[in-house]
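Novice: what's the 3D shape of this:
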Amino acid sequence: MTEIKASMAGSVWKIVAQQGDSVAAGEDIAILESMKMEIPIPAEDGGTVKELKVAEGDFVNEGDVIAIIE
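Specialist: Predicted coordinates for the structure are as follows:
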């Protein structure tokens, strides 16, 4: 099980992968927006998205868990 964490503080602009989706290593899970920049959050390992911990519009801090991949 892998926790995908926010690399910086910002708002969740878009959720790319949904719960139950299969993702490959490096595939985007979500896109954050910070200081008018879009920051993709990729999966570190391949697997299935078990749980999304955020929704579009949520604010996250650096290190907050975005999703869990199994």
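
Novice: Can you get me a residue count around Pro42?
Specialist: 15 (other C-beta atoms under 10 Å). To be clear about C-beta, it is placed using only N, CA and C from the backbone, and glycine gets the same treatment.

Novice: my read: it touches Ala30, true?
Specialist: No. Counting by C-beta atoms under 8 Å, Pro42 sits too far from Ala30 to count as a contact (9.4 Å).

Novice: what sits in contact with each of those two?
Specialist: Counting by C-beta atoms under 8 Å, 6 or more residues apart in numbering, the shared contacts of Pro42 and Ala30 are Ile4.

Novice: going on from the helix or strand harbouring Ile31, what's the next piece of helix or strand?
Specialist: Using DSSP states H and E, Ile31 maps to strand 28-34. Beyond strand 28-34 on the C-terminal side, the first helix or strand identified by DSSP H and E is strand 37-42.

Novice: Averaged pLDDT, that next one. What do you get?
Specialist: Averaging pLDDT along strand 37-42 yields 95.

Novice: Give me the helices and strands touching the helix or strand that it is followed by, please.
Specialist: For strand 37-42, the following helix or strand on the C-terminal side (DSSP H and E) is strand 47-52. Judged by 3 or more C-beta pairs under 8 Å, 6 or more residues apart in numbering; DSSP states H and E, the packing partners of strand 47-52 are strand 22-23, strand 65-69.

Novice: I'd like the next helix or strand past strand 47-52.
Specialist: strand 59-60.

Novice: residues in contact with that next one?
Specialist: So strand 59-60 is in contact with 6, 9-12, 32, 54, 66, going by C-beta under 8 Å, 6+ apart.
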